[in-house]
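[1] okay, here's the prediction I keep looking at, along with the sequence it came from:
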Amino acid sequence: MHRMDHTRVEIVSCGETQSDTDLKTLFDACADQAGDLSAPDLEAIASWRNVDGGQEGVIFLAVLNQVKAGICAAIVPPDRDHVSLKFLGVRGDARRQGLGARLETHLSDFSRRRGSSDIRTAFSLDGKHQAGGRFLNKQGWTRNTDAGLRMWRDLNDLPDLDIPGGYSIRCYRPGDEAAFVRIKNAAFAGEQAGGRDWTDADFEKEYLASPHFKVDRVLFAEFEGQLVGTTTAWTSEYEGREIGLIHWVAVVPEHRGKGLGWMLNVAAVHKLKQLAYDDCVLSTNESLSSAVRLYKRLGFQVVSQRSTYTKVLD
């Protein structure tokens, strides 16, 4: 491969003359064979260029010998405090020329001039693909201790279902939507891993409208007539095939420490086996240490770890 001349590199702001389609072509080329770096679709590109609510969208291009060879996209919030890095990549034929570092440095300098305190990745990197993490570490970024974990186990040798005294377990009944939403929101209140609070409409969209929905897939823990915990024996794609998924394990705070998390998980893996799945996965967060310990006791093992990164600006 012909080695390109570093002295002819320019970092320029994306102008209005660049169409979304042209940018999409460059994003695709930069994401090609770049580990788990994903190119945005046209809708995302348009949203990055036309943000609202006082946010500022910025896209920088690395131009090498008058050819667009790399791209960096970020969003600056109204308070300009925490810049969100959406994408940073270089075309395959221009890699190992320092263009990624030039783009990252340009974004860092830009953010400092805006008075920002740090830059945070709006995406996560799989621990299996170490090149991206090494690049960010070299540029002064640190891995956040909130990695998303994917855990797996086969459905052989399942533990017996043990139901704590005073509790029972039952399947979804019409009208349980509000109870599910209440449990989910209470269980994840204040935890980043839980995302925003749900509404009944969210339950309808993710569950009732799903072709996978069956009443016996959604399980509840009940105490004195009140629903206090839930999980779902759901479905997912893993390594190109459909397998079982344990989804949204949640127990309200006042009923924690009673063994309900274990009970719900065991009930879910038994249900998945009844549904003829051979194995299953679940997603959690390494910051939820007690949940991770429970899943490991249940026989799950970590198969992937996705981490976000932060760069503190001086």
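    It's in. Numbers count the residues shown, from 1 in each chain.
[2] CA only for contacts and neighbour counts going forward, please
    Fine.
[3] how many other residues sit next to Ala178?
    Other residues near Ala178 number 14, with proximity taken as other Cα atoms under 10 Å.
[4] ok so it is a helix residue?
    Yes - the assignment for Ala178 (DSSP: H, G, I helix; E, B strand; the rest coil) places it in a helix.
[5] that one reaches Trp198, doesn't it?
    No - contact between Ala178 and Trp198 fails when scored by Cα atoms under 8 Å: they sit 9.8 Å apart.
[6] shouldn't Ile75 be in contact with Leu85?
    Yes - contact between Ile75 and Leu85 holds when scored by Cα under 8 Å: they sit 6.6 Å apart.
[7] distance of the spatially closest residue to Phe223 that is not a sequence neighbour from Val215?
    With Cα to Cα, 6 or more residues apart in numbering as the criterion, Phe223 has its nearest non-adjacent residue at 4.9 Å, and that residue is Tyr167. Taking Cα to Cα, to the nearest Å as the measure, Tyr167 and Val215 are separated by 20 Å.
[8] can you check Phe27 too?
    In this structure, Phe27 and Val215 are 42 Å apart, going by Cα to Cα.
[9] and if you look at Gly240?
    From Gly240 over to Val215 the distance is 26 Å, taken as Cα to Cα.
[10] more crowded one of these two?
    Applying other Cα under 10 Å to Gly240 and Val215 shows that Val215 carries more neighbours, namely 15 against 7.
[11] who's in contact with the residue nearest to Phe223?
    With contacts defined as Cα atoms under 8 Å, 6 or more residues apart in numbering, the neighbours of Tyr167 are 221-224.
[12] for the stretch 151-300 of the chain, what spans make up the helices?
    Shown for the stretch 151-300 of the chain, the helices assigned by DSSP state H, counting those that start in this stretch span residues 177-187, 200-203, 260-274, 289-297.
[13] show me how the chain divides into domains.
    For the chain, automatic domain parsing gives the domain ranges 6-123, 149-307.
[14] before I go, just wanted to say thanks for your time.
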